[in-house]
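# model this:
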Amino acid sequence: MMNTVALRRRGPRQRLRDAARLWRLGRRDPRLGWLLLDNLITTLGASFTLIALPFLVMRLTGHALDLGLTATLEALPSLAFLFAFRGFLDRADPARVLWCCRALYVAINAALAATTWFGLITIELIYLLALIGGLVWAVAYPAGRACFGLYIRKGLLPAGNAVFAVASSLATMALPMLAGSLILSADGERGLAIAFAIDAVCVAASLPLIAAVRRRGPVRRRMTDARDDDAAEAVDQIAVAAPTSAIPRSYYLYLLSSTVLVFGPVQILLPVLLVQRHDTRYLWIYLAQFAGIFAAAGLSAPGVPPSMSAVLRKIVLCWVVAAFAYGLLAWGAYTAAQPWWPLSSALLAFGLLAGASNYYGIQSLSWLQRSADARCMGREMTWFSAATMGAMPLATLATGAMIDRLHWAQTAQALAWSILGVALLALLHLPSLRQNKAPGTRVPGAA
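Numbers count the residues shown, from 1 in each chain. Predicted coordinates:
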């Protein structure tokens with residue numbers, strides 16, 4: 001297994017060889033290509049909703065807190081799923097579960113598009129659709145992550161996650177700019193309805209790809225040399241024995257902090273900034289985010305360190321970068337009278353936030369997918385979902401309330417100082433992980 005020093009020494013030639021190897025394996029095994037295309041198509045559609053939904057909520061009520069409440073209703077079911085159905089994905093086929101969830105998404109997005117087009121949309125209906133969508137997402141998100149961990153070879157996970165990040169960022173850069181231009185130039189709610197309809201069509205187009213991946217079968221078998229009924233019984237026993245999981249729960253505490261305090265607030269800060277400025281030049285923020293994500297993917301593609309403490313040190317470094325970015329945003333907001341600095345600081349800050357967020361995401365998810373026992377992959381991905389998407393309500397609600405009370409600039413400043421404080425606490429905690437050699441570096445059944 002490659003150590004951290006070797007990762008630093010990988011040069012451009014080695015990276016080109018890795019890319020060529022990834023291409024050859026992708027041609028022999030189409031599952032990675034299918035999942036990549038699925039990710040790209042669904043991200044294309046989600047990019048339109050990413051812009052349209054905040055504009056719709058702000059047009060209906062004008063309060064950032066309502067935007068935070070909508071995001072809360074979308075993400076809150078992930079926590080309920082963690083505590084009520086922790087072993088569900090260990091028993092079910094994650095690819096089949098993902099296909100069913102995508103089909104439900106088509107219906108939800110179609111309903112949102114139709115009611116918006118005909119002027120029937122209300123904030124209460126948005127809350128209802130957000131809650132239903134959140135229930136579906138609570139199952140779909142860990143199922144998708146489990147599919148990637150089970151259907152893709154372990155050696156391809158870091159590079160595959162990096163390619164996913166670049167493809168997703170390319171979609172989230174180009175299409176939000178297109179969607180934002182469409183929404184800002186459209187009269188009434190017709191532009192918003194079209195954006196929601198595009199999302200529904202894209203999700204529908206992904207269904208055949210998920211079906212093809214499922215027919216191909218997984219790479220990592222959960223139970224080998226066992227009949228289906230024996231395998232189901234063994235998985236049930238593993239699901240009951242939660243303490244035997246090899247992934248320490250402190251790992252998810254770092255992910256939780258990253259979501260709530262560090263990267264989650266961007267989900268509210270950015271759309272509120274776009275609405276407040278009402279300036280199409282600020283849509284170039286998505287280009288800056290793509291640049292940051294592209295750089296992060298290049299740094300993450302060679303691999304991940306084997307130890308949990310090494311990965312967590314990288315996460316804390318991402319926190320420090322994010323604190324600097326929030327400081328830039330606050331500075332730019334305080335100097336709004338300058339003709340060039342507010343936009344320039346926003347471009348730089350959101351680019352840094354996107355790069356740090358995706359580097360953290362690739363490293364943390366790739367390490368987890370490599371280290372988790374294949375028999376408990378669904379359970380670990382459910383924990384991952386709860387610590388990331390499930391914790392998003394805390395970030396969105398708190399950020400929306402802070403913007404309404406403190407205003408935008410003070411919120412960014414408070415986030416910067418809070419992140420630095422948490423990073424200092426993490427630096428005090430990390431030496432204990434190195435001394436205790438936290439489990440997860442070598443997991444039985446994960447090979």
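# Between its first and last residues, what's the separation in stretch 293-309?
23 Å (C-alpha to C-alpha, to the nearest Å).
# mind saving the C-alpha coords of stretch 117-130 as PDB?
Extracted in PDB, the C-alpha atoms of stretch 117-130 (Å, rounded to 0.1, in the frame of the first residue of the first chain):
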ATOM      1  CA  TRP A 117     -45.400  26.700 -14.600                       C
ATOM      2  CA  PHE A 118     -49.200  27.100 -13.800                       C
ATOM      3  CA  GLY A 119     -48.700  29.400 -10.900                       C
ATOM      4  CA  LEU A 120     -49.900  27.000  -8.300                       C
ATOM      5  CA  ILE A 121     -46.700  26.900  -6.300                       C
ATOM      6  CA  THR A 122     -46.700  28.000  -2.600                       C
ATOM      7  CA  ILE A 123     -44.100  28.000   0.100                       C
ATOM      8  CA  GLU A 124     -46.000  25.300   1.900                       C
ATOM      9  CA  LEU A 125     -46.000  23.100  -1.200                       C
ATOM     10  CA  ILE A 126     -42.200  23.700  -1.500                       C
ATOM     11  CA  TYR A 127     -41.800  22.500   2.100                       C
ATOM     12  CA  LEU A 128     -43.900  19.300   1.300                       C
ATOM     13  CA  LEU A 129     -41.900  18.500  -1.900                       C
ATOM     14  CA  ALA A 130     -38.700  19.200  -0.100                       C
END
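# Could you point out which residue ranges in the stretch 151-300 of the chain have low pLDDT?
Low-confidence segments of the stretch 151-300 of the chain (pLDDT under 70): 154-160, 165-188, 220-246.
# Show me the helices in it, by range?
157-185, 190-216, 228-240, 249-257, 266-277, 285-300 (DSSP state H, counting those that start in this stretch).
# burial count for Ala297?
Other residues lying near Ala297 total 23 when counted by other C-beta atoms under 10 Å. All C-beta atoms are positioned from the backbone trio N, CA, C, and that covers glycine.
# same question but for Leu65, I mixed them up
Leu65: 18 neighbours (other C-beta under 10 Å).
# Distance of it relative to Leu44?
30 Å (C-beta to C-beta, to the nearest Å).
# One more: Val219?
Distance from Val219 to Leu44, by C-beta to C-beta: 27 Å.
# higher neighbour count, these two?
Taking other C-beta under 10 Å, Val219 and Leu44 do not tie; Leu44 has more neighbours (23 against 15).
# Tell me what angle the one helix or strand Glu380 maps to forms with helix 249-257.
Element membership of Glu380 [criterion: DSSP states H and E] is helix 377-387. Orientation check (axes from the mean of the first three to the mean of the last three C-alpha atoms, to 10 degrees): helix 377-387 against helix 249-257 gives 40 degrees.
# Which strands or helices does helix 377-387 pack on?
Other elements packing on helix 377-387 under the criterion 3 or more C-beta pairs under 8 Å, 6 or more residues apart in numbering; DSSP states H and E are helix 77-84, helix 88-91, helix 123-151, helix 249-257, helix 341-371.
# run the last query once more with 6 Å
helix 77-84, helix 88-91, helix 123-151, helix 249-257 (3 or more C-beta pairs under 6 Å, 6 or more residues apart in numbering; DSSP states H and E).
# From Trp284, how far off is the residue nearest to Ile198 when sequence neighbours are not counted?
Leaving aside its sequence neighbours, Ile198 sits nearest to Phe48 (C-beta to C-beta, 6 or more residues apart in numbering; 4.9 Å). Look at Phe48 and Trp284: by C-beta to C-beta, they are 18 Å apart.
# With neighbour numbers in mind, choose between these two.
Neighbour count, other C-beta under 10 Å: between Phe48 and Trp284, Phe48 has more, with 27 against 15.
# these two touch, right, the more buried one and Ala200?
No: taking contacts as C-beta atoms under 6 Å, Phe48 lies outside contact range of Ala200: 9.9 Å.
# tell me the angle of the helix or strand that Ala416 is a member of relative to helix 341-371?
Taking DSSP H and E as the criterion, Ala416 maps to helix 408-436. Using the same axes, to 10 degrees, the direction of helix 408-436 lies 30 degrees away from that of helix 341-371.
# helices or strands up against helix 408-436?
Helices and strands in packing contact with helix 408-436 are listed as helix 308-334; criterion 3+ C-beta pairs under 6 Å, 6+ apart.
# Can you give me the buried ones in the helix it packs on?
308-316, 318-333 (16 or more other C-beta atoms under 10 Å).
# name the helices or strands packed onto it?
Counting contacts by 3+ C-beta pairs under 6 Å, 6+ apart, helix 308-334 is packed against helix 249-257, helix 341-371, helix 408-436.
# could I get the helices and strands packed on helix 377-387 as JSON lines with mean neighbour count and distance to Leu60?
Formatted as JSON lines, the helices and strands packed on helix 377-387 follow (neighbours: other C-beta atoms under 10 Å; distance: least, C-beta to C-beta, whole Å):
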{"stretch": "helix 77-84", "mean neighbour count": "18", "distance to Leu60": "23"}
{"stretch": "helix 88-91", "mean neighbour count": "21", "distance to Leu60": "35"}
{"stretch": "helix 123-151", "mean neighbour count": "22", "distance to Leu60": "5"}
{"stretch": "helix 249-257", "mean neighbour count": "18", "distance to Leu60": "31"}
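# Much appreciated, bye for now.
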